[in-house]
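Colleague: Have a look at this prediction, sequence included:
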Amino acid sequence: MSPARRRHLRTFAVGAAVLVASFALLGTRVEKSLAAAPVQTVTATRAAFVREVTAEGVLKAVRATPILAPAEQERAQKVAYLAKDGAAVKSGEVVVRFDPLEAEREAADGRDDLRSAQGKIARAKAEDGKTQQGLALEQKLAREELDRARTFELKDADLYSRHQIVESTLDKTLQEKKSKGAEERLQVSGRLGAAGVTLGSIEADKASLRLHQAEKSLRGLTVAAPHDGFFVLERGWAGETAHVGATLWPGQKVAEIPDLSELEARVHALEADAAGLKPGLVCRLVIEGRPGEVHPAKVGAVQPVARPRDRGSPVKFFETTVSLDHTDPAFMKPGQRVEVAIALEKIEDVLAVPRGALFEKDGRRILYLRRSGRFQPVEVQVGPNSVSRVVITAGLEPGDEVALRDPSEAAGRARGRSEGPPEGAAR
């Protein structure tokens, strides 16, 4: 072998040795960085797994006396006064008062219309009487003329000329037609007069009905509390309540006076998280403003169809009734906002990890477990899950330390900090 070739081989061997040493050093540094990466862990332990859904709503009384707009009003009325929501009221105390302006105006219009209709009836009767008298006189005269024409009709051809006999016959025929026409006009006039009176009577009846409704509205301008209690306004589909200036229809529910001895919660659970929601599930209830108190409760009823709470919103909720195990009227009041945690599913003695500790890479579910001072990716199988935790059915053992984030990302950040900025970079 020539000296030049030997020198070339020695140079290649030295370069290869340096390269291998560099890779080994880099691997050692990565391994040390991976092992020393500041990653928080959690120890896997067997415990009960609970899947919950959180629902929000308000407290309502199981039994309550409704306060309704008077059904006998037969017309919509505008609210002029409304008792304060949640106010304590006494039996007989006025809780709703309606604006009398519209009813007073309708009553005045009704009285004017009634007087006008009565005047029309009187005029129709007077005009009909006058017309009847004139037509009756005309009919009487026509009959007298007909009687004379019949009495003095010329028929004897020996005494009278043919011209006189024809003229007498024509005169009798004319008087007969005049008498018949006068009688017909009298009958038609009677029917027209009766029709005019009837039309006036119809208008009078309409005015009387309008006046009656207005007077009834004036008599029912106030609604009183039927018994002592708390006045709670009724909330509509979007949570709105009646207010001063609102228009209420007959029989519309305005508020209620609840029985405080037994309350329940009406809450809304998000449809996406409410799989398995059904009556009888156990839940925990917390009243807004009293965060340290947890009240046991159960799901009483679930609306079969999810509906949006806000008009135009695509997000749907299940309206759910939650029954309290115990009601304390001392601090529980209808209308208070509550938050309810409903246990949808409970599995005893399983291994569950935080959802953030589970990763998916190349179609596999991965957990990073600390073994021999290093984190190793381990493929696992998952079971039921909730918003915050995932049940691991295979690949995890009790006592394993599970990384709460990807150690390789933490190692990369640590390596970047140790190497510092590149040469020439701004410091």
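Modeller: Yep, that arrived. Numbers count the residues shown, from 1 in each chain.
Colleague: per-residue pLDDT, A108?
Modeller: With respect to pLDDT, A108 scores 81.
Colleague: can you point me to the longest helix in the chain?
Modeller: Ranked by residue count under DSSP state H, the longest helix found in the chain is helix 162-219.
Colleague: Could you confirm V58 falls within a strand?
Modeller: Yes. With DSSP: H, G, I helix; E, B strand; the rest coil as the criterion, V58 is located in a strand.
Colleague: Surely it touches G335?
Modeller: Yes. Counting by CB atoms under 8 Å, V58 does reach G335; the two are 5.7 Å apart. For every residue, glycine as well, the C-beta is placed using N, CA and C.
Colleague: Stretch 342-349 - what's its average pLDDT?
Modeller: Stretch 342-349 comes out at a mean pLDDT of 88.
Colleague: domains of this structure?
Modeller: With domains defined by automatic domain parsing, the chain comprises 66-99+221-258, 101-218.
Colleague: Please render these as TSV that adds mean neighbour count to the earlier fields.
Modeller: Output for the domains of the chain, formatted as TSV (neighbours: other CB atoms under 10 Å):
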stretch	mean neighbour count
domain 66-99+221-258	16
domain 101-218	15
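Colleague: Out of the ones you listed, name the one with the poorest average pLDDT.
Modeller: Looking at the domains of the chain, the lowest mean pLDDT belongs to domain 101-218 (a mean of 79).
Colleague: measure it end to end?
Modeller: End-to-end distance of domain 101-218 (CA to CA, to the nearest Å): 9 Å.
Colleague: Check stretch 262-282 too.
Modeller: 18 Å.
Colleague: mind starting the numbering at 6 from now?
Modeller: Happy to do that; since the first residue is 6 now, the last one works out to stretch 267-287.
Colleague: Pull out the buried residues from that stretch.
Modeller: Across stretch 267-287, burial judged by 16 or more other CB atoms under 10 Å covers 268-274, 276, 278-279, 282, 286.
Colleague: Return the residues in contact with D118.
Modeller: 208, 211-212, 215-216 (CB atoms under 8 Å, 6 or more residues apart in numbering).
Colleague: redo that, cut-off 6 Å
Modeller: A212 (CB atoms under 6 Å, 6 or more residues apart in numbering).
Colleague: ranges for the helices of the protein?
Modeller: 8-41, 106-156, 167-224, 412-424.
Colleague: okay, those helices in CSV with distance to F236 next?
Modeller: CSV is the format used below for the helices of the chain (distance: least, CB to CB, whole Å):
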stretch, distance to F236
helix 8-41, 67
helix 106-156, 24
helix 167-224, 23
helix 412-424, 59
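Colleague: Nearest to V67, out of those helices?
Modeller: helix 167-224 (34.2 Å; CB to CB).
Colleague: Next, the angle from the closest one to helix 106-156.
Modeller: 160 degrees (axes from the mean of the first three to the mean of the last three CA atoms, to 10 degrees).
Colleague: In terms of secondary structure, what does helix 167-224 contact?
Modeller: Contacts defined by 3 or more CB pairs under 6 Å, 6 or more residues apart in numbering; DSSP states H and E place helix 167-224 against helix 106-156.
Colleague: Distance of the spatially closest residue to G186 that is not a sequence neighbour relative to E188?
Modeller: Computed as CB to CB, 6 or more residues apart in numbering, the closest residue to G186 that is not its neighbour in sequence is A147, at 7.6 Å. Going from A147 to E188 by CB to CB, to the nearest Å gives 8 Å.
Colleague: go on, D133?
Modeller: 17 Å.
Colleague: Please apply the same query to V304.
Modeller: 87 Å.
Colleague: longest strand anywhere in this structure?
Modeller: When the chain is parsed with DSSP state E, its longest strand is strand 342-359.
Colleague: Which other helices and strands does that strand contact?
Modeller: strand 51-66, strand 287-292, strand 394-399.
Colleague: could I get those as JSON lines with mean pLDDT?
Modeller: Listed next are the helices and strands packed on strand 342-359 as JSON lines, based on pLDDT from 0 to 100:
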{"stretch": "strand 51-66", "mean pLDDT": "89"}
{"stretch": "strand 287-292", "mean pLDDT": "92"}
{"stretch": "strand 394-399", "mean pLDDT": "91"}
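Colleague: And those strands: which comes nearest R120?
Modeller: Between the helices and strands packed on strand 342-359, strand 51-66 lies closest to R120; by CB to CB that is 50.8 Å.
Colleague: strands paired with the closest one, and their directions?
Modeller: strand 268-275 (antiparallel), strand 342-359 (antiparallel) (DSSP bridges).
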